[in-house]
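> I'd like to go over a predicted model; first the sequence, then the structure.
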Amino acid sequence: QDGAHQTHEYQSDVARLRKIVINSLYSHRDVFLRELLSNANDALEKLRITALTDKSLVSPDEPLNITIQLLPASGSGAGRVVIADTGIGMTPDELTQNLGTLAKSGTSDFLVQAESAGAQQAGNLIGQFGLGFYSSFLVADHVEVASVPAGGNGEQWVFASGAEDQRFEVFPDPRGRTMRHGTEITLLLREDAKEFLNPGKVKELVDKHSGFSTSFPIYLQTFKTEEVPDEDSPVPADPLEADAIDTSPPVDDSEAIVEDLPEDASPITPPPPRTKNVTRETWEQLNDQPPLWTRDAKTVSEAEYTDFYKSTFRDTAAPLAHAHFAGDAGSSVSFKSVLFIPSELPSEFWSTTQARVEGVRLMVKRVFITNDLGEDALPKWISWLRAIVDADDLPLNVSREQLQSTKFLAQIKSILVKRAINLLTKVASAPASINEETGEEEGQTQYRAVWKAIGSAIKLGAMEGSAGQKNKLGALTRWTTNVREFVGLDDYVDNRKKGQRQIFYLAGVGQKAEDLAKSVFIEKLHARGYEVLLLTEPMDEILLNNFQRWGGMAFQDVAKKGLQYGDEDMDAEADKAEQAGIAERFAPLLSWLKKEYTGTVMDVVISNRLVTSPCAIVADRYGYSANMERLVAAQQRSGKDTSQDWMTEYARKQRSLEINPKSPLIEGMLRVVEGLDWEEEYSADEGEKPAHEPTQAELELKEVAQILLDGALVRSGFEVTDPNTFFARVDTVLRRSLGVSETAQPEVEVKPAPPVEEGPLNPEAEPVPEPGFGEDPFQPGDFDYELPRNPFPEDPDVQAFAAHDEL
Ligand SMILES: Nc1ncnc2c1ncn2[C@@H]1O[C@H](COP(=O)(O)OP(=O)(O)OP(=O)(O)O)[C@@H](O)[C@H]1O
């Protein structure tokens, strides 16, 4: 390399990105034009902003614009596309830095993801990441970038690289200075990319992808061939004279028929003037249509909104909904805006606390100013919003910093949030449409898609928003119930049964709604036709607690105490009498169970929520439901919130056992309790031993009761306190029912391992078989051993283990 001519190795990430781009985007390769035009537009914007403080950088002789030239090959090669801008330009160092390295944050993560994804997925990922300059290699074998920085007096430099090259060159342009400032990119097209020399194709692409999103004019060089008078060859002015000149092809004299012209013959028409074809260069502006947001919404088609969104926000998927409006920000700044709901949340939405908001593009009189909304950007829940806001009455030379300190920005943020909520509400309240082909009701297809995409963000908004927003966003939430899906809270309230004053819900984070619907807590509600919201996301329960009430109804966790159907007072006298009868009949069992479970549950009551299950564990109003208990346990495992341990312990104890008087099992227990002389036994103070040794019947009842309690815990979603003891009890009961000895242990003998091996391990001599490969390490007979006799037959814990094994 000589003094000026530099050769650089590409940074390894660049090579990887180029490879991914070329492999995965072949079928979308026309994106190169959008990317290069967007870079050119950015460079012009940078210059415009810099020139606000240094006017010498621009001159009226050098208008800020972008030009495209399509140059078919004169000799070998497929031809060239040259895209030039009169923007900020690059110094030789910047050429090296900007085009030879990837400075973007998250590049490595992106590359790992894209490399492991399929071509189609990688294409989508790249779309979101923005592939920029490297997309040139989709259509070009070789790329040259000539550039001069604005304000620079030095040489014009060139960055040059082949698509397959591991290196790039940077050198002074052998043509000298061809630009005052700016950048010119020359693509030597690949043989299979000749279509991009077609002006029609280029116009179509600019129209579709760049027309809306570039604020500086884009001109395409076109050549028009016109017929013009040929001034070089003399054309006689006088038709008579013209007649005198014989311009007819020579004819054979012998064949000539000479006729005199009749007197009244019309005058001889003069021959057309001599012309020649001249090819003229013209520059046709491609983005001369007014920006979409400045147009009347009635004149903009859905397809135009979609194309605009995709090209402006670089999304491969269409938006789910849009709103187009003009307004007044209150401080006499009028503006026009279009906002969009994207088809999915940004990938980092849940992994950051304060999301970066880059989707709101602020413009002043159609010129892009910033997409950085400053410190207190939009609230996190709505950081996914995509919008264009174009203010008319702000000075054009307002800087990004000035704009951020104006009232306008704060007002615009609140207007955007309000408008976005209105848009969501409009989509959510669209009447169900009828499918014309099938005649079936389609449901709210559009809002279902919106809910699927950003439903969790809407729930977040309903929690963190202002009071007014909470109500609006709460009304937008949709739930699955035991009878329907996609149910709004207002809809639930409208559908309530006579007398019902509670909105019933059951939470089971991570469970499927259909499994939750089979819960013991829902069986009676379901059987009676009541609707229960099934909450499966961690946020759900917290959200409902946050609302406290909806439409005048209180939220009731059906796994907790306090459940009321609301029709209790409407029960016939006979029903009431039956309830009283049951209460009286089961009183002995309730008393016995209360004594038995002192310290384990707060209370034992007759249930109003069970149909077939014998019992359930119901949390007190301030106790933890099984769902809450799991959430708290997960938090504690992850090291958070340990200061709350005592509260957890307390809340855990706030629960009751509910029994189902209609269950034959409970009936059976009642009969056994009635047969016991237990009042006397337990009349001693709490904690004291019974006055006499318990009878066999009582011991058995205790065992059954304990299993029943553990079963109720499991049924109700809690964990049993000690699974080993639980299984030991089940084992005993099983043995009893089979007539097997309750204490007999299996006859087993376990072959002990050989003594510790001496000397170092030599893997070469005895290769360790790879899992799944090589010979089966086990030989026939390896499993023919006997477990040893239980060495501690009296130890109840060991018995429990043995029993567990048997099960
Ligand atoms: N026409 C240009 N004029 C001036 N600088 C340019 C031009 N094209 C590219 N650059 C510089 O090269 C850098 C890299 O460009 P590239 O297109 O690869 O990524 P980007 O524009 O930063 O990101 P993205 O394309 O995803 O928005 C740009 O940030 C810019 O500094």
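Noted; the coordinates are in hand.

> what residue in the stretch 251-400 of the chain comes nearest to the ligand?
residue 314 (7.7 Å; CB to the nearest ligand atom). To be clear about C-beta, it is placed using only N, CA and C from the backbone, and glycine gets the same treatment.

> how about the helices in the stretch 501-650 of the chain?
Applying DSSP state H, counting those that start in this stretch to the stretch 501-650 of the chain gives helices spanning 513-516, 523-528, 538-547, 573-596, 626-637, 645-653.

> can I get the fifth one in CSV, CA atoms only?
In CSV, the C-alpha atoms belonging to helix 626-637 read as follows (Å, rounded to 0.1, in the frame of the first residue of the first chain):
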residue,chain,number,x,y,z
ALA,A,626,-52.4,-21.1,45.4
ASN,A,627,-51.5,-18.8,42.5
MET,A,628,-50.3,-16.0,44.7
GLU,A,629,-48.3,-18.5,46.8
ARG,A,630,-46.5,-19.7,43.7
LEU,A,631,-45.7,-16.2,42.6
VAL,A,632,-44.4,-15.3,46.0
ALA,A,633,-42.3,-18.5,46.1
ALA,A,634,-40.8,-17.7,42.7
GLN,A,635,-39.9,-14.3,43.8
GLN,A,636,-38.3,-15.6,47.0
ARG,A,637,-36.3,-18.2,44.9
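
> quick one on the thing from earlier: and the residue of the stretch 251-400 of the chain closest to the ligand, how far from residue 210?
Note on residue 314: its distance to residue 210, by CB to CB, to the nearest Å, is 12 Å.

> contacting residues for the spatially most central residue of the chain?
By CA atoms, centre = their mean, the chain has its centre lying nearest to residue 345, at 3.2 Å. By CB atoms under 8 Å, 6 or more residues apart in numbering, the residues touching residue 345 are 384, 453, 454, 456, 457.

> and which of these is nearest to residue 357?
Closest approach between the contacts of residue 345 and residue 357, by CB to CB: residue 384, at 8.9 Å.

> hmm, the closest one is touching residue 454, no?
Yes - look at residue 384 against residue 454 with CB atoms under 8 Å: they come within range, at 6.2 Å.

> more neighbours: which of those two?
residue 454 (25 against 21; other CB atoms under 10 Å).

> in terms of helices and strands, where is the more buried one?
helix 445-464 (DSSP states H and E).

> that helix packs against which elements?
Here helix 445-464 is seen to pack against strand 334-341, helix 407-428, helix 467-476, strand 478-481, helix 538-547 when contacts are counted using 3 or more CB pairs under 8 Å, 6 or more residues apart in numbering; DSSP states H and E.

> ok, residue 314 and residue 210, which is more surrounded?
residue 210 (23 against 19).

> tell me which element the closest residue to the more buried one other than its chain neighbours falls in.
Distances taken as CB to CB, 6 or more residues apart in numbering place residue 37 nearest to residue 210, at 4.5 Å, with adjacent residues excluded. Per DSSP H and E: residue 37 is located in helix 31-53.

> again, but for residue 278
strand 275-285.

> can you show me the helices along the stretch 701-807 of the chain?
Secondary structure of the stretch 701-807 of the chain, counting by DSSP H, counting those that start in this stretch: helices at 723-738, 796-806.

> worst average pLDDT in those?
Among these, helix 796-806 carries the lowest mean pLDDT, a mean of 35.

> which ones are touching the residue nearest to residue 210?
Applying CB under 8 Å, 6+ apart, the residues near residue 37 are 66, 83, 206, 209, 210, 214, 218.

> quick check: the two most widely separated of the contacts of residue 345?
Most distant of those, by CB to CB, are 384 and 456, 10.8 Å apart.

> what stretches of the stretch 401-550 of the chain score poorly on pLDDT?
Applying pLDDT under 70 to the stretch 401-550 of the chain flags residues 401-405, 433-435, 438-443.

> one step back: looking at the contacts of residue 37, which are in strands?
66, 83, 218 (DSSP state E).

> how about those in CSV, adding distance to the ligand and pLDDT?
As requested, the ones in strands among the contacts of residue 37 are arranged in CSV below (distance: CB to the nearest ligand atom, whole Å; pLDDT from 0 to 100):
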residue, distance to the ligand, pLDDT
66, 9, 96
83, 8, 97
218, 13, 94
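
> show me which of the residues you listed is closest to residue 157.
Of all the ones in strands among the contacts of residue 37, residue 157 sits closest to residue 83, with 17.3 Å by CB to CB.

> residue 136 versus that closest one, what's the distance?
Using CB to CB, we find residue 83 at a distance of 9 Å from residue 136.

> looking at these two, which is more packed in?
For residue 83 versus residue 136, neighbours defined as other CB under 10 Å are more numerous around residue 136 (27 against 22).

> which of the three states applies to that one?
Under DSSP: H, G, I helix; E, B strand; the rest coil, residue 136 falls in the helix class.

> report the beta-bridge partners for the nearest residue to it once chain neighbours are set aside.
Nearest residue to residue 136 in three dimensions, chain neighbours excluded: residue 143, at 4.7 Å (CB to CB, 6+ apart). Beta-bridge pairing of residue 143 under DSSP bridges involves residue 161, residue 187.

> quick one, grab the pLDDT at residue 143.
For residue 143, the model assigns a pLDDT of 96.

> count of residues packed around residue 757?
7.

> phi first, then psi, for the residue lying closest to residue 339 once chain neighbours are set aside.
In this structure, residue 339 finds its nearest non-sequential neighbour in residue 387, 3.9 Å apart by CB to CB, 6+ apart. Residue 387 adopts backbone torsions of phi -150, psi 150, taken as degrees, to the nearest 10.

> any figure for the gap between residue 15 and the ligand?
For residue 15, the distance to the ligand equals 14 Å [CB to the nearest ligand atom, to the nearest Å].

> which residues does that residue contact?
residue 166.

> name the helix or strand for it, please.
Here residue 15, judged by DSSP H and E, is contained in helix 12-24.

> just the angle between that helix and helix 31-53, please?
Interaxial angle, helix 12-24 versus helix 31-53 (axes from the mean of the first three to the mean of the last three CA atoms, to 10 degrees): 130 degrees.

> now helix 12-24: mean pLDDT?
Mean predicted lDDT for helix 12-24 stands at 75.
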